[in-house]
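1. Mind folding the following:
(chains A and B)
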Protein chains: 2
Amino acid sequence: MKLYSYFRSSAAYRVRIALNLKNIDHELVGVNLLKSEQLGAAYLDKNPQGLLPALETADGVLGQSLAILEYLEESHPNTAPLLFGNAWQKAQIRNLSYAIACDIHPLDNLRVLKYLSNELGVDDEAKNTWYRHWVEVGFEKVEQLLDSNNAFCVGEQPSLADVCLVPQVFNAIRFNVNMAAYPKIAAIYERCNKLDAFIDAAPQNQPDAT
Amino acid sequence: MKLYSYFRSSAAYRVRIALNLKNIDHELVGVNLLKSEQLGAAYLDKNPQGLLPALETADGVLGQSLAILEYLEESHPNTAPLLFGNAWQKAQIRNLSYAIACDIHPLDNLRVLKYLSNELGVDDEAKNTWYRHWVEVGFEKVEQLLDSNNAFCVGEQPSLADVCLVPQVFNAIRFNVNMAAYPKIAAIYERCNKLDAFIDAAPQNQPDAT
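-> Down below sits the predicted model:
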């Protein structure tokens, strides 16, 4: 498998964590978002969605990080399952995952921040306030949903929810969100970042990191 | 089961379609987004995320429409499956679903449009341009991913992807997006809207429609 990735893309970061957790052999191919390489013909030919990441498999190329994560789970269910328990517990894992992947991340994407600057003339300060606003509104809800008796988002092992949470916290810190306001999230972030799968997937440890 | 719904919420509309397709007995409870009832104590007590929809089940209350849809699929897999085929085909269904639910819908949510007006002073014209921009960028990619030999998004029966697509098209039309630019999407929309499950779930057919 080949993963098309950019070190700071948090959607790519999610998939890097999952590939590591599941011990799936793969090659990383860097696509520079700042240079808009994701909109170049070579990449669009692989993934017409023009977004990162994309996973190249024997069956074809798959975009959308959540679709990739569910696919890895379906095709490799036994090593480090990302969804576990009964239907209701799986629903809790997905609920937390989407609270991040649908309610926070899409609003703070690079393409959205660019639209705010270029099309709406929003200045840097207001843009950073926008960024933090959606993280804070989202983290407040995630914090309420978490149970501090659990080591990870749900239960005692990392799940899809942790795979989504950690890259979002990494970015929140980069944009100076005050993580002290979310002690349960902060504790999970620290705990995950002691595991090799998370450490090896971190932006600063990528071959294309600058 | 009780579904907390608002007739124009496209995330609630998705769940209404799925409940109908799967013939699951349920009660609808109206929560008026325009009156911010989703932020009132009574609703927050049910769903601390303060977003629509939420599904009340014997196990508890679940938010996030995609988590609800996956839960309905896991708990009622045999009637009108929303995910079918092998792992790769399911991945295609989810890829299309998230291309809508993660890349289009979150940017055009009411809370985001309100932020643009109230916090960034964006005027109505620029706000409508924003709305259409994210639909158009997203639909262009979805259109490319669709195969015109299929009756629905993937294969010959409605899937999770159609459940996500139809409410998005409904809203696109409301905001004057030119659907002639997306003939494959438009054909699927028409085909779905001949089925009772989709008709009964449509905003104008809800008890709280105004």
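2. Which helix or strand lies directly C-terminal to the helix or strand of chain A with the lowest mean pLDDT?
-> Scoring the helices and strands of chain A by mean pLDDT, DSSP states H and E places helix A:41-46 at the bottom, with a mean of 90. Once helix A:41-46 ends, the next helix or strand along the chain (criterion: DSSP states H and E) is strand A:54-57.
3. Downstream of that next one, the next helix or strand is which one?
-> Next along from strand A:54-57, by DSSP H and E: strand A:60-63.
4. quick one: the least confident helix or strand of chain A to chain centroid distance?
-> 22 Å (CA atoms, centre = their mean, to the nearest Å).
5. can you check stretch A:76-91 too?
-> Its chain's average C-alpha position is 18 Å from that of stretch A:76-91, according to CA atoms, centre = their mean.
6. before we move on, back to that, neighbouring contacts of the least confident helix or strand of chain A?
-> A:Y4, A:V31, A:E37, A:G50, A:A54, A:E56, A:V61 (CB atoms under 8 Å, 6 or more residues apart in numbering or on different chains). (Glycine included, C-beta is placed from N, CA and C.)
7. which one of the residues you listed sits closest to chain B?
-> Chain B has its nearest neighbour among those in A:G50, at 7.1 Å by CB to the nearest CB.
8. tell me which element A:L3 is part of?
-> strand A:2-5.
9. Pull out the buried residues from the lengthiest helix in chain A.
-> For chain A, the helix that runs over the most residues, judged by DSSP state H, is helix A:124-145. Across helix A:124-145, burial judged by 16 or more other CB atoms under 10 Å in any protein chain shown covers A:126-127, A:130-132, A:134-135, A:138-139, A:141-143, A:145.
10. now stretch A:58-74
-> Buried residues in stretch A:58-74 (16+ other CB under 10 Å): A:62-74.
11. Show me those residues that map onto strands.
-> A:L62, A:G63 (DSSP state E).
12. Just the buried residues of stretch A:58-74: which are in helices?
-> Checked against DSSP H, the buried residues of stretch A:58-74 include these in helices: A:S65, A:L66, A:A67, A:I68, A:L69, A:E70, A:Y71, A:L72, A:E73, A:E74.
13. quick check, nearest of the residues you listed to B:R14?
-> In terms of CB to CB, no member of these lies closer to B:R14 than A:L66, at 15.5 Å.
14. Give me the buried entries from the contacts of helix A:41-46.
-> Buried among the contacts of helix A:41-46 (16+ other CB under 10 Å): A:Y4, A:V31, A:G50, A:A54, A:E56.
15. so A:Q89 makes contact with A:N150?
-> No: using CB atoms under 8 Å, A:Q89 is not in contact with A:N150; the gap is 11.4 Å.
16. For the nearest residue to A:V166 once chain neighbours are set aside, list the residues it contacts.
-> Spatial nearest neighbour of A:V166, excluding adjacent residues (CB to CB, 6 or more residues apart in numbering or on different chains): A:C192 at 5.0 Å. Contact analysis of A:C192 by CB under 8 Å, 6+ apart lists A:F152, A:P158, A:D162, A:L165, A:V166, A:F198.
17. And for A:N20?
-> Contacts of A:N20 (CB under 8 Å, 6+ apart): A:D196, A:A197, A:F198, A:D200, A:A201.
18. would you list these in CSV and tack on distance to B:P81 and secondary structure?
-> Output for these, formatted as CSV (distance: CB to CB, whole Å; DSSP: H, G, I helix; E, B strand; the rest coil):
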residue, distance to B:P81, secondary structure
A:D196, 38, helix
A:A197, 32, helix
A:F198, 34, helix
A:D200, 37, helix
A:A201, 33, helix
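19. and of these, the nearest to chain B?
-> Closest to chain B, out of all of these and judged by CB to the nearest CB, is A:A201, at 20.1 Å.
20. burial count for that closest one?
-> 25 (other CB atoms under 10 Å in any protein chain shown).
21. measure the residue of chain A most remote from its centre to B:L120 for me?
-> For chain A, the residue at maximal distance from the C-alpha centroid (CA atoms, centre = their mean) is A:G121, at 28.0 Å. Per CB to CB, to the nearest Å, A:G121 is found 9 Å from B:L120.
22. ok, A:L3 to A:V31 distance?
-> To A:V31, A:L3 is 10 Å away according to CB to CB.
23. looking at this, A:F7 is in a helix?
-> No: read with DSSP: H, G, I helix; E, B strand; the rest coil, A:F7 is coil and lies in no helix.
24. Let me see the confidence value for it.
-> Looking at A:F7, its pLDDT is 95.
25. Isn't it up against A:F170?
-> No: the pair A:F7 / A:F170 is not scored as a contact, 10.9 Å apart, by CB under 8 Å.
26. what's the overlap in contacts for these two?
-> In contact with both A:F7 and A:F170: A:P203, using CB under 8 Å, 6+ apart.
27. And chain A, what are its domain boundaries?
-> A:2-79, A:87-197 (automatic domain parsing).
28. Tabulate these (TSV), appending distance to B:D103.
-> Formatted as TSV, the domains of chain A follow (distance: least, CB to CB, whole Å):
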stretch	distance to B:D103
domain A:2-79	7
domain A:87-197	7
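29. picking that back up, next one: the strand holding A:L3, is it in contact with chain B?
-> No: residues of strand A:2-5 are not located near chain B by CB under 8 Å from any CB of the partner chain, the shortest gap being 14.5 Å.
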